[in-house]
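# what follows is a predicted structure for the sequence shown.
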Amino acid sequence: MSLKMSEISLIVLKMIMEGYSVSQNYISDIESIKSSNTIRFNKYKASANNNDYDQVTRFPHTDKNSLTFLWDNGVQGLQLLSKTGKWTEITIPQHGFVVLVGDILKAWSNDRLHAATHRVEVSGERERYSFGVFAEPKEEGIVEPRELVDDTLHPLRYRPFNYGKFLSYYASNLKDDALQVFAGL
Ligand SMILES: O=C(O)CCC(=O)C(=O)O
Ligand SMILES: [Fe+2]
């Protein structure tokens, strides 16, 4: 499973980056600091009210890794915040999954890709279970946006940074603007 997921995450990563016509060298750099995937199960109580946060991923957040793959047990509840500030419910298809861009891919793409803020709200009587595979760089990997940068519309937005240090910084304050504060220019 983990090996297959690594392959899929690399294919999706490549498709996205090739869509932006970045050089093969750049894609190889991104690939070369790939790591294994972290896996997480989430459980959400049925009809929990909004103050009853039994699961931290109920809170609005962006994922701090590069790409996230999500499945659920058919009890919907995942919501994405649009750029215009509207929450939209996302249905994860029964035999499919949803891919979310995380902060690391946002940085690598020099903000061309948007890491959507998301949260979970469960209503109804059934518990929600979700399963996430989180593709991320090695802790010692350096995230360095070099391409997709130009002087006019897309000036460089992030300094090169170490993924492990970024995670430690986020873990120490849990603020969702961690990427901007830690590495933003
Ligand atoms: O349960 C979900 O659908 C979302 C989970 C999530 O956002 C996460 O694990 O980071
Ligand atoms: Fe998430």
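The structure has been received and is ready for your questions. Ligands and ions are numbered 1, 2, ... in the order given.
# and the residue of the chain found nearest ligand 1, how many residues sit next to it?
Residue of the chain nearest ligand 1, by CB to the nearest ligand atom: S130 (3.2 Å). In this view, the C-beta of every residue, glycine as well, is placed from N, C-alpha and C. If you count neighbours by other CB atoms under 10 Å, S130 ends up with 21.
# host element of it?
For S130, the host element (DSSP states H and E) is strand 128-137.
# residue numbers of this protein in contact with ligand 1?
R40, N42, T57, D63, L70, D72, L78, H118, V120, S130, G132 (CB under 6 Å from any ligand atom).
# assign the third one to helix, strand or coil.
This means T57. helix (DSSP: H, G, I helix; E, B strand; the rest coil).
# that one and S32: what is the separation?
Using CB to CB, to the nearest Å, we find T57 at a distance of 30 Å from S32.
# more neighbours, the two?
T57 (18 against 10).
# ok, that one - contacts?
Listed by CB atoms under 8 Å, 6 or more residues apart in numbering, the contact set of T57 reads N42, R119, V120, S130.
# now the angle from the longest helix along the chain to strand 128-137?
As assigned by DSSP state H, the longest helix anywhere in the chain is helix 2-19. The directions of helix 2-19 and strand 128-137 differ by 70 degrees, with axes from the mean of the first three to the mean of the last three CA atoms, to 10 degrees as the criterion.
# can you tell me the average pLDDT over helix 2-19?
Taken as a whole, helix 2-19 has an average pLDDT of 83.
# try stretch 163-179
Averaging pLDDT along stretch 163-179 gives 94.
# re the thing from before, out of the contacts of T57, name the ones that lie in strands.
Taking DSSP state E as the definition of strands, these contribute N42, R119, V120, S130.
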